[in-house]
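**Student:** Show me the folded form of this:
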Amino acid sequence: MAAVDATAPRWPDVPAGRGHYESFYLRAVSPSEPRGVWIRYTVSQPPGGRPTGQLWFTWFDRDRPGPRAVRVETGEPASGDGGWIRLGDSTFGAAAIAGSIGSPGLAANWSLHHRSDQAPLRHLPRSWMYTARLPRTKLVSPSPTTVFDGTLTLDGETVDVAGWPGMIGHNWGEQHAQQWIWLSGLAFEGTGADTWLDVAIGRIRIGPVTTPWVANGAISLDGERLALGGLGRRVGVTAADDGCVLRLPGAACTVSASVSAPPDAFVTWDYAGPDGGEHRVRNCSVADLAVRVERPDRSLRELTAPGRATYEWGRP
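**Tutor:** Here you go, the predicted structure:
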């Protein structure tokens, strides 16, 4: 695949008259407790309008009642000066991710550094898909797994982030998929940082027709990266608000995955599209994940990541 810049902001180059959305996001989880953070820097631009920014912050702790979540408007986005994206005083970049957010329900600050030796994951199988108008949703993980260090502060309570596993993602496009599932698994029991799962499964609308589920992503096993999904590979999906069962075929393996969490461990968001449509999105970033990897020439591989997976399901 030709080079695709995983971190370049796309909103400055949106053709006149087109709508656009874009997000840089991270998740980080405690290596020892079912708690973690999900932070999203978002740009939304209606057709013919100006781009505006939003900060999203969710703190998950399954030992306490429900996630703590807040979203605020930030004005027009910027980039440069060491940041892939800047929303007000909050910056998301290669050196650091730092910012703050406040509302009557939650005030939070974060100052995080990240380090990874993993190459970016480009979910789409062809480089032209990242520059063509179709598909209308593009995604890439600049760091499909990384390690975070730093601090979080929630209503004055400081959380020390020391060696927390996590990931960094980036998506953009003209239109959200009709439905999507995002599954991210890392810090699997008994493995190193080079074992992870990152896959997006979507259904898109083409005129009056909604396509079957199509998966794009990969699983990495001890550093060996195996592509999953693609056009022509039938995906098995059984999705619910509190979990999902997936069958994900690839050229070299088939992955069966089961992910779940208690219903009160999820946050529910409304995702507004550039065209004015909305999706209801359920997200838990401290979910339990069990994975089976079948390969023709290898023995069955079973992996678990209790409290260290993300399950997200978006639909109208």
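**Student:** and Gly277, what are its phi and psi?
**Tutor:** Main-chain dihedrals, Gly277, degrees, to the nearest 10: phi -70, psi 160.
**Student:** does it really touch Glu174, like I thought?
**Tutor:** No - Gly277 lies out of contact with Glu174 (CB atoms under 8 Å); the separation is 11.7 Å. The C-beta positions use only the backbone N, C-alpha and C, and glycine is treated the same way.
**Student:** neighbour-wise, which of these two wins?
**Tutor:** Neighbours were counted for Gly277 and for Glu174 using other CB atoms under 10 Å; Glu174 has more, 21 against 12.
**Student:** isn't the more buried one right up against Glu22?
**Tutor:** No - here Glu174 does not reach Glu22: they are 10.6 Å apart, not a contact under CB under 8 Å.
**Student:** Where does pLDDT dip in the stretch 1-150 of the chain?
**Tutor:** Applying pLDDT under 70 to the stretch 1-150 of the chain picks out residues 1-2.
**Student:** residues of stretch 88-107 that come out buried?
**Tutor:** Neighbour-count burial for stretch 88-107 flags Gly88, Ser90, Thr91, Phe92, Gly93, Ala96, Ile97, Ala98, Gly99, Ser100, Ile101 (criterion: 16 or more other CB atoms under 10 Å).
**Student:** ok, now stretch 161-180?
**Tutor:** 161, 164-180.
**Student:** Strands of the stretch 1-150 of the chain, start to end?
**Tutor:** Ranges of strands within the stretch 1-150 of the chain are 20-29, 35-45, 52-61, 68-75, 78-80, 83-87, 90-92, 97-102, 107-115, 121-122, 137-154, based on DSSP state E, counting those that start in this stretch.
**Student:** now those strands as TSV including distance to Ala218?
**Tutor:** What follows is the strands of the stretch 1-150 of the chain, written out as TSV (distance: least, CB to CB, whole Å):
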stretch	distance to Ala218
strand 20-29	17
strand 35-45	21
strand 52-61	25
strand 68-75	29
strand 78-80	27
strand 83-87	22
strand 90-92	23
strand 97-102	24
strand 107-115	20
strand 121-122	6
strand 137-154	8
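**Student:** ok, back up a step: so which of the buried residues of stretch 161-180 are in strands?
**Tutor:** 161, 164-173, 179-180 (DSSP state E).
**Student:** Tell me the one of these nearest Gly53?
**Tutor:** Trp172 (13.6 Å; CB to CB).
**Student:** what bridges to that closest one?
**Tutor:** Glu22, Lys138 (DSSP bridges).
**Student:** Looks like it contacts Pro135 (just checking).
**Tutor:** No - between Trp172 and Pro135 there is no contact, the gap being 11.4 Å when judged by CB under 8 Å.
**Student:** where's the closest residue to Leu197 other than its chain neighbours relative to Leu152, distance?
**Tutor:** In this structure, Leu197 finds its nearest non-sequential neighbour in Gly185, 4.0 Å apart by CB to CB, 6 or more residues apart in numbering. Between Gly185 and Leu152 the computed distance is 22 Å (CB to CB, to the nearest Å).
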